[in-house]
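Student: requesting a structural model of the entry that follows:
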Amino acid sequence: MTPPIGTLAEIKPDGAEASSLAIRTKLGSGEPTNELKRGLNHRHLQMIAIGGAIGTGLFVASGSTISQAGPGGALAGYALVGLMVFLLMQSLGEMSAKIPVAGSFQSFATRFVSPSFGFAIGWNYWFNWAITVAAELVAAGIIMDFWFPGVPGWVWAGIFLLVLTGLNALSAKSFGESEFWLSLIKVSAVVLFLIAGVLMIFGILGDNSPGLSNWQNRDDVFHGGWVSIISVFMVAGFSFQGTELVGVAAGEAKNPRREVPKAIRTVFWRIMLFYIGAIFIIGCLIPFTDPSLLASGESEIASSPFALVFSRAGIAFAAALMNAVILTAILSAGNSGLYASTRMLYAMAHDGMAPKIFGRTNARGVPIAALLATAAVGLFGFLSAIVGQGAAYSWLLNMSGLCGFIVWAGIAVSHYRFRRGFLAQGNRVSDLPYKASLFPIGPLLAFALLILVIAGQNYEAVLAGRSVEVLSSYIGLPVFVVLWLGHRHITKSKVVPLLEMDLTAPKDVEEELRAATQ
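Tutor: Below you'll find the predicted structure:
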């Protein structure tokens, strides 16, 4: 029987279950402990890492980037962001493999930079995904209108919120299993698209193949020059948000020091294949002047570049097919968002940065209070959008998107200081379970690119002097600074000295390592 919220469940390690125990942390002065269970295996971690970056940014918005910058400009923008993500994933992989905790980059920022920096990073990330869940619920209602136009969108949003909350409430394994199958559908759709696209380019499928004719005119290939490429760079950054989920999931991976490096090594190349391959094929088959590419919202499924290509390949139900795939992508994002924000809130509670109740788990190792708090934010978010608070909701979404980039910058800073502290304490790089091969260039370059992304969020509004639009686009930055400096002022926390950094991993991970080497 599941104990009620507030009951502290202690699970004894017994045989094979010993490896499923995660973080043991006492709350207050009581003896009971609260712990997550390591229920995510290799295939879960791989698909979480891959699926996190495949969503509406690829299925729908990619068309508008080609229309704006031409096929070459879009390809260059996504490739540059892919490089940045690769460097960030290397940084995150090195820290997560060494110290696999649910708090991930919040814990790393606290340990390797300062408690105040970690506080701001943690709350930013929680807010980022909690609001994203609300956004995905609104989008799900729009998608369902394709099949059930007479049913209000809020009905579907409510149903999906209950389903996703229920899946997350069962166990980490149930989340991993559901995310595996949702991501598998997305990945399968992209693979099918790549195959169909190649066949169409060579004239094997469909009629009147344009071949590579859309890539012959340089002015068309790089339409708008560097300014357009920078614009694509901003959009592509949002598309790739979610790849960092593997760092959060490491806290509940069965063998994180083996599985995290595997996920990091393979996910970049797969994601680059999907994005770069898909954009190349769209650029070949659809002229960048095609007005259909301007569509960028979930309500315009028939204009999705994927739907257009499938339709021209002779698949009569292309719009319905992509509608189902995009619904899957939306539910996957909502599922991952609930999981990530719940674990972040749990970790912050254990670090004394959130109310202690959010650090409690039930018998299945699920932080139910943190889950319900996050689900409540999702409920409030989509209700506020439905009842007409559109402007306020747009501001929340803008703030949320910027929060994701701020967290990425935090990963780069944390990794730079982690490696310095690791060596300062007498360790060797060869002792790391996974090594970021491009250090220190990697985190420094990633940080520089992220500063460019953050600064250029809405440079057009800045240049045009549209102050309200500028404030809406950049509001997340002052909020982060206020959280950081406010916590620092209250707690008087300082930057953590290199020799005082906490480099210890969870107890169960160290015990497994010792057992393996004996």
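Student: so what's Gly251 up against?
Tutor: Shown in contact with Gly251 (Cβ atoms under 8 Å, 6 or more residues apart in numbering): Ala22, Ile23, Leu36, Pro100, Val101, Ala102, Gly103, Ser104, Arg343, Ala347. Quick note: C-beta positions are derived from backbone N, CA and C, even for glycine.
Student: got the contact list for the third one?
Tutor: Listed by Cβ under 8 Å, 6+ apart, the contact partners of Leu36 are Ala22, Ile23, Ala102, Ala172, Gly251, Glu252, Arg343, Tyr346, Thr361, Gly365, Pro367.
Student: of the contacts of Gly251, grab the buried ones for PyMOL.
Tutor: With 16 or more other Cβ atoms under 10 Å as the criterion, this PyMOL line picks the buried residues out of the contacts of Gly251:
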select buried, resi 22+23+36+100+101+102+103+104+343+347
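Student: of the contacts of Gly251, which is the nearest to Leu438?
Tutor: Using Cβ to Cβ, Ser104 comes nearest to Leu438 of the contacts of Gly251, at 20.6 Å.
Student: which ones are touching the closest one?
Tutor: Leu92, Ser96, Glu244, Gly247, Val248, Ala250, Gly251, Met344, Ala347.
Student: where in the protein is pLDDT low?
Tutor: 1-34, 39, 52, 292, 294-303, 316, 381-399, 507-518 (pLDDT under 70).
Student: for it, what spans make up the strands?
Tutor: 25-26, 33-34 (DSSP state E).
Student: now Lys462. Nearest residue, chain neighbours left out?
Tutor: Just so we're on the same page, residue 462 is Val rather than Lys. Once flanking residues are discounted, Val462 sits nearest to Val470: 5.5 Å by Cβ to Cβ, 6 or more residues apart in numbering.
Student: what's around that neighbour, how many residues?
Tutor: Around Val470 there are 18 other residues, counting by other Cβ atoms under 10 Å.
Student: same check on Leu444?
Tutor: Applying other Cβ under 10 Å, we find 15 other residues in the vicinity of Leu444.
Student: stretch 97-112: how far from the chain's middle?
Tutor: Here stretch 97-112 is found 16 Å from its chain centre; the criterion is Cα atoms, centre = their mean, to the nearest Å.
Student: returning to what we had before: against Ile406, how distant is the residue nearest to Val462?
Tutor: 17 Å (Cβ to Cβ, to the nearest Å).
Student: what number of residues lie near the residue nearest to Ser174 when sequence neighbours are not counted?
Tutor: Of all residues not flanking Ser174 in the chain, Leu167 sits nearest, at 5.5 Å (Cβ to Cβ, 6+ apart). Per other Cβ under 10 Å, the neighbour tally for Leu167 reads 19.
Student: my guess is Leu167 contacts Phe180. True?
Tutor: No. Using Cβ atoms under 8 Å, Leu167 is not in contact with Phe180, being 11.8 Å away.
Student: and which of the contacts of Gly251 is nearest to Trp226?
Tutor: Using Cβ to Cβ, Ser104 is the member of the contacts of Gly251 that lies nearest Trp226, at 34.7 Å.
Student: contacting residues around Ala412?
Tutor: Counting by Cβ under 8 Å, 6+ apart, Ala412 has contacts Leu87, Leu88, Ser91, Pro443, Leu444, Ala446, Phe447, Leu450.
Student: circling back: what sits against the residue nearest to Ser174?
Tutor: With Cβ under 8 Å, 6+ apart, Leu167 has these contacts: Ser174, Phe175, Ser178, Asn335.
Student: what is the burial count for Asp351?
Tutor: 20.
Student: the closest residue in space to it that isn't next to it in sequence and Ala120: what is the separation?
Tutor: Of all residues not flanking Asp351 in the chain, Thr110 sits nearest, at 6.0 Å (Cβ to Cβ, 6+ apart). Thr110 is 10 Å from Ala120, where distance means Cβ to Cβ.
Student: how about Ala135?
Tutor: Counting by Cβ to Cβ - Ala135 and Ala120 are separated by 22 Å.
Student: which one of these two is surrounded by more residues?
Tutor: The neighbour count for Ala135 versus Ala120, taken as other Cβ under 10 Å, is higher for Ala120 (28 against 22).
Student: and Leu321, what does it touch?
Tutor: Ala189, Ala307, Phe310, Ile315.
Student: scratch that, Ala79
Tutor: Contacts of Ala79 by Cβ under 8 Å, 6+ apart are Met272, Ile276.
Student: circling back: let me have the contacts of Gly251 in TSV, extended by distance to His415.
Tutor: What follows is these, written out as TSV (distance: Cβ to Cβ, whole Å):
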residue	distance to His415
Ala22	22
Ile23	21
Leu36	23
Pro100	15
Val101	15
Ala102	18
Gly103	15
Ser104	12
Arg343	20
Ala347	18
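Student: Leu184: which of the contacts of Gly251 is nearest?
Tutor: Nearest member of those to Leu184, counting by Cβ to Cβ, is Arg343, at 22.3 Å.
Student: okay, the closest one and Leu40: tell me how far apart.
Tutor: From Arg343 to Leu40 the distance is 11 Å (Cβ to Cβ).
Student: shared neighbours of these two, which are they?
Tutor: Glu252.
Student: how about the residue of the chain most remote from its centre, phi and psi?
Tutor: Centroid-distance maximum for the chain: Asn208 at 38.9 Å, with Cα atoms, centre = their mean. The phi/psi pair for Asn208 (degrees, to the nearest 10) reads phi 50, psi 60.
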